[in-house]
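In: Could you work out the structure for the sequence below:
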Amino acid sequence: MKKVTLLLLALSVLISIQNTEAGRRRSPKSGKIKNGVFVDSKYNFQLTIIDGWRGKPQKNNNSCRIKVEYEKNKKGDVRTDIVGVDGFELSIPLVSVWVIKTEIKAEKYLKDYLKDPISSKINNKITESMQAGWTDMRFDRFKTWTYSKITIDDHEGANWVGLLNCRYKSSDAELLYQLYSIFDCIQYDDETVLFITGRTESEDFNKVSSQMQFIMRSVKSIQEKR
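Out: Below is the predicted model of the structure:
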């Protein structure tokens with residue numbers, strides 16, 4: 001009886017491993033990173049990841065293609081906690097690239113998003129990825145610093161810089177929480193918009209904003225091989 005039990009246990013472990021491997025095969029990544037450059041496997045673009053940042057390709061069926069996180073907080077130059085407040089972690093600087101299939105042109109898409117950033121499923125996902133990951137965090141509004149037209153690798157669009165304001169409850173009070181945010185929204189082709197987002201704690205803006213914007217503006221089209 002003991003041998004039968006051990007055999008069944010071994011078979012169970014083997015099946016679990018096989019299911020895990022099959023799951024990995026069913027969820028290919030959005031692209032690969034080589035020599036600091038992310039190349040998307042589905043859409044013809046690349047992104048440069050500079051030293052001190054770490055790229056995380058997403059699942060290939062996701063609208064979000066890659067997330068790039070700041071790594072230098074290991075040296076203590078970016079705080080990750082709030083002094084005297086348990087359970088609250090500060091947001092690590094982050095850049096994300098989203099591919100959106102839409103007939104709306106890039107500049108209008110950005111303006112519409114800023115007016116109502118939870119109006120659609122994908123917009124809501126973008127907003128959630130930008131704000132702090134606390135369970136009781138609720139989006140409030142955007143505060144605009146600058147808005148301008150831009151061109152990235154011959155793709156026209158618009159840039160927005162400002163604050164993402166959220167509300168959260170602490171004891172009996174509802175408090176305001178702000179994150180410095182950047183949006184680059186460019187027209188990739190007639191039916192595709194690239195929505196590139198950056199966020200950081202306001203106090204870390206001077207430390208990481210130039211690096212963050214360099215990564216965001218490094219998007220380049222890749223010519224299809226013939």
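In: what about Ser91, how many neighbours?
Out: Residues near Ser91, counting by other Cβ atoms under 10 Å, number 20. C-betas here are computed from N, CA, C, even on glycine.
In: So it: helix, strand or coil?
Out: Secondary structure state of Ser91, per DSSP: H, G, I helix; E, B strand; the rest coil, is coil.
In: now the helices: where do they sit in this protein?
Out: 2-26, 106-115, 121-130, 205-216 (DSSP state H).
In: got the contact list for Val68?
Out: Each residue near Val68 by Cβ atoms under 8 Å, 6 or more residues apart in numbering is listed here: Leu47, Ile49, Trp53, Arg54, Gly55, Lys56, Leu94, Val95, Ser96, Ile215.
In: thinking the second one is in contact with Ile215, fair?
Out: Pointing back at Ile49 there. Yes. With contact defined as Cβ atoms under 8 Å, Ile49 counts as touching Ile215 (6.6 Å).
In: And the pLDDT at Ser171?
Out: With respect to pLDDT, Ser171 scores 70.
In: Count the neighbours of it for me.
Out: 6.
In: what does Ser170 give?
Out: 11.
In: just to revisit the earlier point, of the contacts of Val68, closest to Asn35?
Out: Ile49 (9.7 Å; Cβ to Cβ).
In: so how far is Glu69 from the closest one?
Out: 10 Å (Cβ to Cβ, to the nearest Å).
In: which stretches of this protein have low pLDDT?
Out: 1-26, 72-90, 133-135, 223-226 (pLDDT under 70).
In: surely Val37 meets Phe45?
Out: No. If you go by Cβ under 8 Å, Val37 and Phe45 don't touch, sitting 10.8 Å apart.
In: give the contact list for Ser171.
Out: Applying Cβ under 8 Å, 6+ apart, no residues contact Ser171.
In: Next: the one 4 residues further on.
Out: For Leu175, the contacting residues are Arg167, Tyr168, Lys169, by Cβ under 8 Å, 6+ apart.
In: how about the strands in this protein?
Out: Taking DSSP state E, the strands of the chain run over residues 31-34, 37-40, 45-48, 53-57, 64-70, 94-101, 138-152, 155-170, 173-189, 192-201, 220-221.
In: Can you tell me which of these is nearest to Asp116?
Out: strand 138-152 (10.6 Å).
In: who has more neighbours, Val37 and Phe45?
Out: Neighbour totals were compared for Val37 and Phe45, and Phe45 leads with 21 against 15 (other Cβ under 10 Å).
In: Not counting sequence-adjacent ones, nearest residue to Phe214?
Out: Distances taken as Cβ to Cβ, 6 or more residues apart in numbering place Ile50 nearest to Phe214, at 6.5 Å, with adjacent residues excluded.
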